[in-house]
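1. quick one, fold the following:
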Amino acid sequence: MWMDKKNDAGDSSRDTRTGWVQKVHLRCMGDMLHLDTLMQDRWWVLQLLLWALRGVARVILANNPISGLLILAALLWASPWQGLLGSVGVLCSTLTAVITGQDKSEVSAGLHGFNGMLVSLLMGVFSSAGDWYWTLLLPVILGSATCVLLFSSLSPLLDRWDLPVAVFPFNITIFLFLLCTRPEHPYFPRHLAVPPGAVQVNATQLDALQVLQGIPLGVGQIYACGSLGPSLLIVGAVMLYSPLLAVHALLGSAIGTLAGLSMGVRPPSLYAGLSGFNGALGCMAVGGLFFTFSWRTHLFAIASAFFSAYMDIALSNLLGTVGLPACSWAATIVATLMLLMNGSLKAYRIPIGQVQSPEQNLRSRNQWEAGRSADQDSTDV
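-> Sure, this is the predicted structure:
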């Protein structure tokens, strides 16, 4: 009798611990909107930190400050200099948005931070002056601020079609910077981009293990991160926000790698994940973020990944002839085209102002359909 009571007490305490862990995990997943309410009356510096962390996560289409913190830790792990540049970029663009009086809801959601972070990271990657070249902070600050101005200018235009500004400001700003610099520039020397289809003199056989390693690296390359450990941490950060989004990120990167193999892309590009990141972005955008997840949108997400990957190869070969990278133009253009499509895909599209995590989008649609069917039943009676 005593043993039964003891076992019951142990089971109940174990259930309590399990329930507490699940509750904490659920509170840390998704958009964590409750954290914005909690921080309303806190110090402004803490609010700025929250906005900046959301901006860090927004680069990979997530909206979770804990995910942003994990991603920032991954960047510092891979390269402290790159982590510093990314932090300066996201803070400068967020502060610029506050100073110029941008919409507070957009600022608090991190929408004015992620373009600035991307610009600063790419400036660091293409700089040939090496790490801790402090002069590079000047274009990082100016480029981050420019992204906010471009975001504000493009928003009224794209809002007419209910389209996101996405990373158009980043792609425009980094292009302008790279066009203004050159390898022998006295202050801002840079590397030239190499076309992925360039013929290698000492070509070797492909290493299957390194090609597979390029799949998670493709997700890390969204942040210009080419290290395996930090890239896996970035995947984990996305999974914390949305397991569905993380699955589509890896699926899209795998599709991009497959597209690179089919087009004979240089092995270093495959190994480093450079063939996968546009496919990952294209797959994530359609596979549950801007469209409610279903088997139809899943197929469209796969198609979007292939389209993004092949367009990235084409643009990279074209722009690489003048030493410029294709950045994320391919995924941005493909996602925009998908959002403009008519037909069966349009029925699953989510208004830009209502986009949440894929799981929450799916839950909201199910509730809406359940309420609609209940209304029809009551009308029939």
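
2. helix or strand for the closest residue to residue 107 other than its chain neighbours, which one?
-> Spatial nearest neighbour of residue 107, chain neighbours left out: residue 97 (4.8 Å); criterion: CB to CB, 6 or more residues apart in numbering. Glycine gets a C-beta too; all of them are placed from N, C-alpha and C. Following DSSP states H and E, one finds residue 97 within helix 80-99.

3. following element in sequence after that helix, please.
-> Counting by DSSP H and E, the element that comes right after helix 80-99 along the chain is helix 104-108.

4. next, the angle helix 80-99 makes with the helix or strand that that next one is followed by.
-> With elements assigned by DSSP H and E, the helix or strand that comes after helix 104-108 is helix 114-126. In terms of direction (axes from the mean of the first three to the mean of the last three CA atoms, to 10 degrees), helix 114-126 departs from helix 80-99 by 150 degrees.

5. other SSEs contacting helix 114-126?
-> helix 44-58, helix 80-99, helix 137-159, helix 168-180 (3 or more CB pairs under 8 Å, 6 or more residues apart in numbering; DSSP states H and E).

6. can you give me the offset of the second one from its chain's centre?
-> Distance of helix 80-99 from the chain centroid (CA atoms, centre = their mean, to the nearest Å) equals 16 Å.

7. residue 121 and residue 167, how far apart?
-> Using CB to CB, to the nearest Å, residue 121 is found at 12 Å from residue 167.

8. please apply the same query to residue 312.
-> 13 Å.

9. one more: residue 339?
-> Going from residue 339 to residue 167 by CB to CB gives 14 Å.

10. neighbour-wise, which of these two wins?
-> residue 167 (25 against 22; other CB atoms under 10 Å).

11. residues contacting the closest residue to residue 198 other than its chain neighbours?
-> If the residues on either side of it in the chain are set aside, residue 198 comes closest to residue 266, at 6.1 Å by CB to CB, 6+ apart. Contacts for residue 266 (CB atoms under 8 Å, 6 or more residues apart in numbering) come out as 194, 196-198, 200.

12. what does residue 352 give?
-> Applying CB under 8 Å, 6+ apart, the residues near residue 352 are 162-164, 290.

13. surely residue 78 touches residue 227?
-> Yes. Using CB atoms under 8 Å, residue 78 is in contact with residue 227, at 4.3 Å.

14. of the two, which one has the most company?
-> More crowded of residue 78 and residue 227, by other CB under 10 Å: residue 78, with 22 against 15.
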